[in-house]
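Chemist: This is a predicted model, with the sequence first.
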Amino acid sequence: MKIIIIVAKALNNVIGKDNQLIWRLSADLQLFKSHTTGHHIIMGRKTYESVGKPVPNRTSIVITNNHDFKVPEGHLVVHSLEEAIQFCIGKKLDKVFIIGGAEIYRQALPIADELMVTEVNAMPEGDVFFPEIDQSEWKMVSTTSYLKDEKNEYDFDFVVYKNVRP
(Lines give C-alpha, C1' and ligand atoms only; values in the text may rest on other atoms or scores of the structure.)
Protein backbone atom coordinates (compact mmCIF):
# COMPACT_ATOMS: atom_id res chain seq x y z
CA MET A 1 0.00 0.00 0.00
CA LYS A 2 1.33 3.40 -0.97
CA ILE A 3 1.26 6.06 1.77
CA ILE A 4 0.96 9.54 0.27
CA ILE A 5 1.23 12.80 2.17
CA ILE A 6 -0.68 15.63 0.50
CA VAL A 7 -0.09 19.15 1.83
CA ALA A 8 -0.15 22.82 0.90
CA LYS A 9 2.70 24.71 2.55
CA ALA A 10 4.24 28.14 2.29
CA LEU A 11 7.91 28.84 1.62
CA ASN A 12 8.40 29.08 5.41
CA ASN A 13 6.61 25.70 5.86
CA VAL A 14 3.48 27.34 7.35
CA ILE A 15 0.39 25.21 6.74
CA GLY A 16 -2.20 26.96 8.88
CA LYS A 17 -3.17 29.46 11.51
CA ASP A 18 -5.92 29.22 14.14
CA ASN A 19 -6.92 25.80 12.73
CA GLN A 20 -7.68 27.28 9.30
CA LEU A 21 -6.11 27.37 5.87
CA ILE A 22 -4.48 30.72 5.23
CA TRP A 23 -4.93 31.17 1.49
CA ARG A 24 -7.47 30.87 -1.27
CA LEU A 25 -6.16 28.55 -3.98
CA SER A 26 -8.99 27.14 -6.06
CA ALA A 27 -6.61 25.20 -8.32
CA ASP A 28 -5.01 23.54 -5.28
CA LEU A 29 -8.42 22.46 -3.97
CA GLN A 30 -9.13 20.94 -7.38
CA LEU A 31 -5.80 19.07 -7.26
CA PHE A 32 -6.63 17.77 -3.78
CA LYS A 33 -10.05 16.64 -4.97
CA SER A 34 -8.74 14.95 -8.13
CA HIS A 35 -6.07 12.97 -6.24
CA THR A 36 -8.03 11.96 -3.12
CA THR A 37 -11.58 11.34 -4.40
CA GLY A 38 -12.54 7.71 -3.93
CA HIS A 39 -9.74 7.05 -1.44
CA HIS A 40 -9.27 6.87 2.33
CA ILE A 41 -7.86 10.03 3.92
CA ILE A 42 -6.15 10.05 7.32
CA MET A 43 -6.18 13.17 9.46
CA GLY A 44 -5.95 14.39 13.00
CA ARG A 45 -9.01 15.51 14.94
CA LYS A 46 -8.21 19.22 14.62
CA THR A 47 -7.93 18.91 10.84
CA TYR A 48 -11.24 17.06 10.76
CA GLU A 49 -12.86 19.77 12.90
CA SER A 50 -11.45 22.54 10.70
CA VAL A 51 -13.17 20.93 7.69
CA GLY A 52 -16.32 20.49 9.79
CA LYS A 53 -17.59 17.25 8.24
CA PRO A 54 -16.33 14.28 6.26
CA VAL A 55 -14.88 15.28 2.89
CA PRO A 56 -17.34 14.11 0.18
CA ASN A 57 -16.55 10.94 -1.79
CA ARG A 58 -13.72 9.91 0.53
CA THR A 59 -13.53 7.76 3.65
CA SER A 60 -12.24 9.81 6.59
CA ILE A 61 -10.07 8.17 9.23
CA VAL A 62 -9.71 10.54 12.17
CA ILE A 63 -6.91 10.12 14.73
CA THR A 64 -7.72 11.33 18.24
CA ASN A 65 -6.94 10.50 21.86
CA ASN A 66 -10.60 11.20 22.70
CA HIS A 67 -12.27 7.79 23.00
CA ASP A 68 -15.72 9.45 22.92
CA PHE A 69 -15.12 11.23 19.58
CA LYS A 70 -17.67 10.28 16.93
CA VAL A 71 -17.78 10.57 13.14
CA PRO A 72 -20.68 9.78 10.80
CA GLU A 73 -21.30 6.20 9.73
CA GLY A 74 -18.92 5.02 7.02
CA HIS A 75 -15.99 6.89 8.56
CA LEU A 76 -13.64 5.78 11.31
CA VAL A 77 -12.06 7.03 14.54
CA VAL A 78 -8.69 5.55 15.53
CA HIS A 79 -6.23 6.43 18.25
CA SER A 80 -2.87 6.35 16.45
CA LEU A 81 -1.37 6.69 13.00
CA GLU A 82 -0.25 3.06 13.26
CA GLU A 83 -3.84 1.95 13.90
CA ALA A 84 -5.01 3.96 10.87
CA ILE A 85 -2.34 2.42 8.62
CA GLN A 86 -3.06 -1.11 9.88
CA PHE A 87 -6.77 -0.61 9.16
CA CYS A 88 -5.96 0.46 5.57
CA ILE A 89 -3.60 -2.49 5.07
CA GLY A 90 -6.34 -4.78 6.35
CA LYS A 91 -8.73 -3.33 3.76
CA LYS A 92 -6.10 -4.08 1.07
CA LEU A 93 -6.13 -0.50 -0.18
CA ASP A 94 -3.70 0.39 -2.96
CA LYS A 95 -3.06 3.85 -1.50
CA VAL A 96 -4.01 6.12 1.37
CA PHE A 97 -3.61 9.89 1.76
CA ILE A 98 -2.36 11.66 4.88
CA ILE A 99 -3.95 15.14 4.92
CA GLY A 100 -2.74 16.66 8.20
CA GLY A 101 -2.24 18.29 10.53
CA ALA A 102 1.31 19.02 11.57
CA GLU A 103 1.70 16.24 14.17
CA ILE A 104 0.21 13.62 11.86
CA TYR A 105 2.51 14.82 9.04
CA ARG A 106 5.51 14.61 11.40
CA GLN A 107 4.62 11.02 12.33
CA ALA A 108 3.86 10.00 8.73
CA LEU A 109 6.94 11.47 7.03
CA PRO A 110 9.28 8.56 7.96
CA ILE A 111 6.85 5.96 6.53
CA ALA A 112 5.49 7.85 3.52
CA ASP A 113 6.22 6.68 -0.01
CA GLU A 114 5.27 9.89 -1.80
CA LEU A 115 4.73 13.58 -1.07
CA MET A 116 2.30 15.73 -3.06
CA VAL A 117 3.25 19.24 -2.03
CA THR A 118 1.58 22.46 -3.06
CA GLU A 119 4.48 24.87 -2.53
CA VAL A 120 2.79 28.24 -2.08
CA ASN A 121 4.92 31.26 -3.05
CA ALA A 122 4.20 33.17 0.16
CA MET A 123 5.61 33.71 3.64
CA PRO A 124 2.49 34.08 5.82
CA GLU A 125 2.35 34.11 9.57
CA GLY A 126 1.06 30.88 11.00
CA ASP A 127 1.05 28.62 14.02
CA VAL A 128 1.21 25.22 12.29
CA PHE A 129 4.18 24.06 10.22
CA PHE A 130 5.04 21.18 7.89
CA PRO A 131 8.29 19.40 8.81
CA GLU A 132 11.39 20.19 6.77
CA ILE A 133 11.70 17.89 3.74
CA ASP A 134 15.08 16.13 3.88
CA GLN A 135 16.33 16.32 0.28
CA SER A 136 18.54 13.26 0.84
CA GLU A 137 15.39 11.16 1.42
CA TRP A 138 13.13 12.61 -1.27
CA LYS A 139 13.53 12.99 -5.03
CA MET A 140 11.40 15.48 -6.95
CA VAL A 141 9.73 13.61 -9.81
CA SER A 142 7.38 16.25 -11.21
CA THR A 143 6.45 19.87 -10.78
CA THR A 144 3.63 21.92 -12.27
CA SER A 145 3.44 25.70 -11.86
CA TYR A 146 0.26 27.70 -11.33
CA LEU A 147 0.02 31.48 -11.55
CA LYS A 148 -1.86 33.83 -9.29
CA ASP A 149 -5.23 34.87 -10.71
CA GLU A 150 -8.73 35.83 -9.56
CA LYS A 151 -9.27 32.38 -7.99
CA ASN A 152 -5.74 31.77 -6.69
CA GLU A 153 -4.29 34.20 -4.19
CA TYR A 154 -0.63 33.22 -4.82
CA ASP A 155 1.58 31.58 -7.42
CA PHE A 156 2.29 27.98 -6.45
CA ASP A 157 3.97 24.81 -7.66
CA PHE A 158 2.48 21.34 -7.29
CA VAL A 159 5.49 19.12 -6.63
CA VAL A 160 5.56 15.34 -6.35
CA TYR A 161 8.41 13.71 -4.43
CA LYS A 162 9.21 9.99 -4.21
CA ASN A 163 10.91 8.46 -1.22
CA VAL A 164 14.45 7.33 -2.00
CA ARG A 165 15.36 5.80 1.35
CA PRO A 166 16.92 2.35 0.95
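Modeler: That came in fine, so what should we check first?

Chemist: what number of residues lie near residue 82?
Modeler: If you count neighbours by other Cβ atoms under 10 Å, residue 82 ends up with 12. No exception for glycine: its C-beta is placed from N, CA and C like everyone else's.

Chemist: Over to residue 143?
Modeler: Using other Cβ under 10 Å, residue 143 has 12 neighbouring residues.

Chemist: which residue is nearest the centroid of the protein?
Modeler: Nearest residue to the geometric centre of the chain (Cα atoms, centre = their mean): residue 99, 2.3 Å.

Chemist: which phi and psi does that one have?
Modeler: Main-chain dihedrals, residue 99, degrees, to the nearest 10: phi -120, psi 10.

Chemist: how close does it sit to residue 23?
Modeler: With distances taken as Cβ to Cβ, to the nearest Å, residue 99 is found 16 Å from residue 23.

Chemist: And residue 79, by the same measure?
Modeler: From residue 79 over to residue 23 the distance is 31 Å, taken as Cβ to Cβ.

Chemist: What segments of the chain are helices?
Modeler: In the chain, the helices defined using DSSP state H lie at 26-36, 45-51, 81-90, 102-108.
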